[in-house]
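[1] A predicted structure for the sequence below; I have some questions about it.
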Amino acid sequence: MSESTLDLSGSRLRWFLRGTAVGLLTLAAINAISYFFRSSDWSSLIGKSKSLNESVGFPWKVWEAGNTYGGMYADYPSMGLNILFATVVGSVIGVIAAMKRDMLNRLIEDLDDGSVTRTAQPVQFSLQSLMIATTVAAVFATVASKLAVHPETLIAIYVLGPICLVAVAMLPRRISWQRRVAIITPATLSLIAVAIAVGHGLGMEFDKVLMGIFLCWTPQSALAALALTGYLFVSLNSRMRQKSLLSGDDNKCV
């Protein structure tokens, strides 16, 4: 059995699953964005509902304000169709990713070569990172003390939440991405808890706050993932060109 066969991290199945996940995330983002096109008013996301003309779902509508759906929260058959559609789209992307396995594996190997070693290292902050972290903490403390239970607090969490969470996770230097996930996970849960508490103070229902987080955070996460992927591909292409030029110069010297 070859070494590549044993390497499950770069197998066709693994890349197929990763591609499928990308497709599902993209369709989830599109479903979230559909709310802002299907709804004439968005004020209910901050506890100031002015109309019932709200709905979400793509390509099929899965939720509409004022519709009880026979005692259910959403139109689950339509939700199932949307999930099936997203799965089909994701599977197509997964097949393409599996076909491009060799190129994607080279990308991972190239990133591993330029990354830090996998040995355990203590979390380190530079002076600049420490100053940034202190500034971010001070800003959040000021916002919490001044705005507290106000719609503006929810707006800040909806709009700035993801980028602030990523910034906090990226501040430590020379640590693996697993440790960054360990940092961002409790921070995310804490910020969601703050949003729920603010929403409760505004008289909003629990599920409405979670809906606002889904509608605002999912598209931002998808766009950030796509932007990062595009940057990695561009970086890989540039490095491969440099290696190709260097190898050509070496051959000429020989």
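    Structure's in. What do you need? Numbering: from 1, shown residues only.
[2] what's the neighbour count on Ser21?
    Residue 21: Ala, not Ser. 15 (other C-beta atoms under 10 Å). All C-beta spots, glycine's among them, are computed from the backbone N, C-alpha and C.
[3] contacting residues around Leu210?
    Neighbouring residues of Leu210 by C-beta atoms under 8 Å, 6 or more residues apart in numbering: Ile192, Ile196.
[4] that one looks like it's in a helix, true?
    Yes: counting by DSSP: H, G, I helix; E, B strand; the rest coil, Leu210 falls inside a helix.
[5] and the gap between it and Ala195?
    According to C-beta to C-beta, to the nearest Å, Leu210 and Ala195 sit 8 Å apart.
[6] what of Gly212?
    8 Å.
[7] joint contacts of those two?
    Shared contacts of Gly212 and Ala195, defined by C-beta under 8 Å, 6+ apart, comprise Leu154, Tyr158.
[8] so what's the residue count around Tyr76?
    11.
[9] all strands for the chain, in order.
    Here the chain has its strands, by DSSP state E, at 55-56, 63-64.
[10] now, of the ones you listed, which is deepest in the fold?
    Comparing the strands of the chain by mean neighbour count (mean count of other C-beta atoms under 10 Å), strand 55-56 ranks first with a mean of 20.
[11] which other helices and strands contact it?
    Using 3 or more C-beta pairs under 8 Å, 6 or more residues apart in numbering; DSSP states H and E, the elements in contact with strand 55-56 are helix 12-38, strand 63-64.
[12] between these, which one is closest to Ile163.
    Of all those, it is helix 12-38 that lies closest to Ile163, at 15.6 Å by C-beta to C-beta.
[13] quick check: which ranges of this protein have low pLDDT?
    1-10, 49-52, 110-148, 172-178, 247-254 (pLDDT under 70).
[14] any chance of the helices and strands packed on strand 55-56 in JSON lines, with distance to Thr229 too?
    Shown next, in JSON lines, are these (distance: least, C-beta to C-beta, whole Å):
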{"stretch": "helix 12-38", "distance to Thr229": "8"}
{"stretch": "strand 63-64", "distance to Thr229": "30"}
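[15] for Tyr231, find the nearest of these.
    Taking C-beta to C-beta, helix 12-38 is the member of these nearest to Tyr231, at 15.2 Å.
[16] which parts of the closest one are buried?
    Applying a neighbour-count criterion of 16 or more other C-beta atoms under 10 Å, one finds 14-16, 19-20, 22-35, 38 buried in helix 12-38.
[17] no further questions, thank you.
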